[in-house]
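In: The sequence isn't on hand, but the structure is:
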């Protein structure tokens, strides 16, 4: 018996691509349903207030792990440039409340710190 007799792919190529297409259509329909149904039903005020916090929390969940680098803190591999650029970006965001300016200044600070350090 050879190794290929033991290891069989779980799907054929046609089944795999059919599944990929089906998943893509399913996610598109799910997102399209929210767009099409917007305004058709009243949204409770408490839900509207709660949904205001979704974009900042998603952004924080994406950005903070990249800034903190929790696996290398307090080791010789720790890099100070990302947390420092993050602090600059937070200061710009707190002062100006402008997203694009915050992104541009934060990336500029990161590139400057990386060139220095």
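Out: Happy to help now that I have it. Model, not experiment: these values are computed from the prediction. Residues are numbered from 1 along each chain as shown.
In: just to confirm, which helix or strand has the residue most central in space within the chain in it?
Out: Nearest to the geometric centre of the chain sits residue 62, at 4.3 Å (Cα atoms, centre = their mean). Assigned by DSSP states H and E, residue 62 belongs to helix 54-68.
In: Ok, residue 16 next?
Out: helix 13-37.
In: Can you list the neighbours in contact with that helix?
Out: residue 11 (Cβ atoms under 8 Å, 6 or more residues apart in numbering). Where C-beta positions appear, they are placed from N, C-alpha and C, glycine not excepted.
In: after it comes which helix or strand?
Out: helix 45-51.
In: Report the secondary structure state of residue 78.
Out: What DSSP: H, G, I helix; E, B strand; the rest coil gives for residue 78 is coil.
In: I'd like the numbering to begin with 58 instead of 1 from here.
Out: Right, with 58 as the first residue, what we last looked at is residue 135.
In: Point out where the chain drops to low pLDDT.
Out: 58-63, 127-133 (pLDDT under 70).
In: Which parts of it belong to which domain?
Out: Using automatic domain parsing, the domains assigned to the chain come out as 73-109, 115-173.
In: deepest of the ones you listed, which one?
Out: Neighbour counts (mean count of other Cβ atoms under 10 Å) averaged over each of these peak at domain 115-173, with a mean of 13.
In: Can you give me the end-to-end span of that one?
Out: Taking Cα to Cα, to the nearest Å, domain 115-173 runs 31 Å from one end to the other.
In: Starting from residue 74, give me the distance back to the closest residue to residue 171 other than its chain neighbours.
Out: Nearest non-adjacent residue to residue 171, counting by Cβ to Cβ, 6 or more residues apart in numbering: residue 138, 5.1 Å away. According to Cβ to Cβ, to the nearest Å, residue 138 stands 42 Å off from residue 74.
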